[in-house]
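Participant: Let me see the structure of the following:
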Amino acid sequence: MLRTTNKRLTTIFNQYRSIKVQRWASTETKNVAYEEALKLIQADKAERLEMLSRVEKELARVKDTSSPTQSAQLAALNTLKYDLQVKAELNDPEVRANFENNQNIDMSRPVYRYLTQRQFEKQPRAKLLERITQMNVAPDVVDIDVNPTVEIKLQLDDSSIIEPGVFTTPEQSISRPHIQVTNFHTERRLYTMMLVDPDSPDVANKTYQQHCHWLITNVPLSATQPTVQDGNTILDYIPPHPQKGTKAHRYTLIAYEQGNQGQDTLDSVTVNQRDGFDAKTFAKEHGLTVRGVTFFRQKWNESVSKIYSDILGIKEPIYGKPPKPERIIQRTMYI
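Facilitator: Prediction:
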């Protein structure tokens, strides 16, 4: 019955949208189609809410009844409950308008979590995976088979949200970035946030190494609390400072879910040094799972010298080979 109703709703909406874009259609015709669509929406919603009421009563009964299959029953009923909550409001014109206009989006409501998650999985996630693969963030910092399930929204200074892999300037990231982790779980889970540079020079070995710029654990996040603002600081934030004479640096921000589906706390975590850091090893040792990742790139400019002198308080290093002398072909003179 519900599947049939869904097909009817889709048909009515397609007809209404078709009428809406046709210039010759009269206002009266459009209003009739719209009213018919609303009637179907309301009838469908009432039917789903009635079923939802029965599901909630069954959930209460199963919770109070101990049985070997209780966990499986609860999981199935909760899945059905979420499905009914979403579909009861999915075709609501006000809900759709709010989501399309990015206003009054209440992530405590299942329908908005569903729409946001579907939007993330449709485009931003694909673009993110493409860029971290093309620019070797995977496997240099995270595993090649990484599966992002949350979206990290990163803002440097007063800029707009930074897309993965874009170039920024060192002066933009002097202050700690503003971070939101768009997730889809209603319960509070604990995360570890890390900012690491895999392109820091390793002079002794004539190669590159990871340098950890920032590390905090036990960050509480949920669908209604996505802002990174609490937690235990393991390494204070140090602004990116791409060294003079080095290639472009990939500053990578990772959101790890802590163990036991984010319920385990990380206590007594110590990191002795920032250089020679290994994000994968750290995650494995502490039972962390990558849930989100993003990155931005930077090259050296004059502001880096100021970061070294005013913030780091050390002499700025300079890397790179001296320029080769130009070979000038002299014309042979015959007398």
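Participant: Leaving out the residues flanking it, which one is nearest to the residue positioned nearest the centre of the chain?
Facilitator: Taking Cα atoms, centre = their mean, the centroid of the chain lies closest to Glu151, which sits 1.3 Å from it. Among residues not flanking Glu151 along the chain, Thr182 sits closest, at 4.3 Å (Cβ to Cβ, 6 or more residues apart in numbering). For every residue, glycine as well, the C-beta is placed using N, CA and C.
Participant: For stretch 253-267, which residues meet the burial criterion?
Facilitator: Buried residues in stretch 253-267, defined by neighbour count with 16 or more other Cβ atoms under 10 Å: Leu253, Ile254, Ala255, Tyr256, Glu257, Gln258, Gly262, Asp264, Leu266.
Participant: pLDDT of that stretch, averaged?
Facilitator: On average, the pLDDT along stretch 253-267 is 96.
Participant: again with stretch 50-67
Facilitator: Per-residue scores along stretch 50-67 average to 94.
Participant: May I see the buried residues of that stretch?
Facilitator: Quick answer for stretch 50-67 (16+ other Cβ under 10 Å): Met51, Leu52, Val55, Leu59, Val62.
Participant: Now that stretch - C-alpha only, PDB.
Facilitator: Presented in PDB, the C-alpha positions along stretch 50-67 are these (Å, rounded to 0.1, in the frame of the first residue of the first chain):
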ATOM      1  CA  GLU A  50      -0.700   5.500  12.300                       C
ATOM      2  CA  MET A  51       1.700   2.700  11.500                       C
ATOM      3  CA  LEU A  52       4.500   4.600  13.400                       C
ATOM      4  CA  SER A  53       2.300   4.600  16.500                       C
ATOM      5  CA  ARG A  54       1.900   0.800  16.200                       C
ATOM      6  CA  VAL A  55       5.700   0.400  15.800                       C
ATOM      7  CA  GLU A  56       6.400   2.500  18.900                       C
ATOM      8  CA  LYS A  57       4.000   0.400  20.900                       C
ATOM      9  CA  GLU A  58       5.700  -2.800  19.700                       C
ATOM     10  CA  LEU A  59       9.100  -1.300  20.500                       C
ATOM     11  CA  ALA A  60       8.000  -0.700  24.100                       C
ATOM     12  CA  ARG A  61       6.700  -4.200  24.400                       C
ATOM     13  CA  VAL A  62       9.900  -5.800  23.000                       C
ATOM     14  CA  LYS A  63      12.000  -3.700  25.400                       C
ATOM     15  CA  ASP A  64      10.100  -5.000  28.300                       C
ATOM     16  CA  THR A  65      10.300  -8.600  27.100                       C
ATOM     17  CA  SER A  66      13.500 -10.500  27.500                       C
ATOM     18  CA  SER A  67      14.200 -13.000  24.700                       C
END
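Participant: can you list contacts of that stretch?
Facilitator: Gln70, Gln73, Leu74, Leu77, Asn78, Leu80, Lys81, Leu84, Gln85, Ala88 (Cβ atoms under 8 Å, 6 or more residues apart in numbering).
Participant: and which of the residues you listed is nearest Asn232?
Facilitator: Nearest to Asn232 out of these is Asn78 (Cβ to Cβ; 31.7 Å).
Participant: how much space between Gln70 and Leu77?
Facilitator: Going from Gln70 to Leu77 by Cβ to Cβ, to the nearest Å gives 10 Å.
Participant: related to what we said a few turns ago, what residues are up against the residue nearest to Glu151?
Facilitator: Shown in contact with Thr182 (Cβ under 8 Å, 6+ apart): Thr116, Phe120, Val150, Glu151, Ile152, Lys153, Pro226.
Participant: about what we covered before: adding secondary structure and distance to Leu215, write the buried residues of stretch 50-67 out as CSV.
Facilitator: Output for the buried residues of stretch 50-67, formatted as CSV (DSSP: H, G, I helix; E, B strand; the rest coil; distance: Cβ to Cβ, whole Å):
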residue, secondary structure, distance to Leu215
Met51, helix, 47
Leu52, helix, 43
Val55, helix, 43
Leu59, helix, 40
Val62, helix, 42
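Participant: Please tabulate the residues you listed in TSV, including the columns distance to Phe99.
Facilitator: Shown next, in TSV, are the buried residues of stretch 50-67 (distance: Cβ to Cβ, whole Å):
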residue	distance to Phe99
Met51	24
Leu52	21
Val55	25
Leu59	28
Val62	33
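Participant: part of a strand, is Lys315?
Facilitator: No. Using DSSP: H, G, I helix; E, B strand; the rest coil, the assignment for Lys315 is coil, not a strand.
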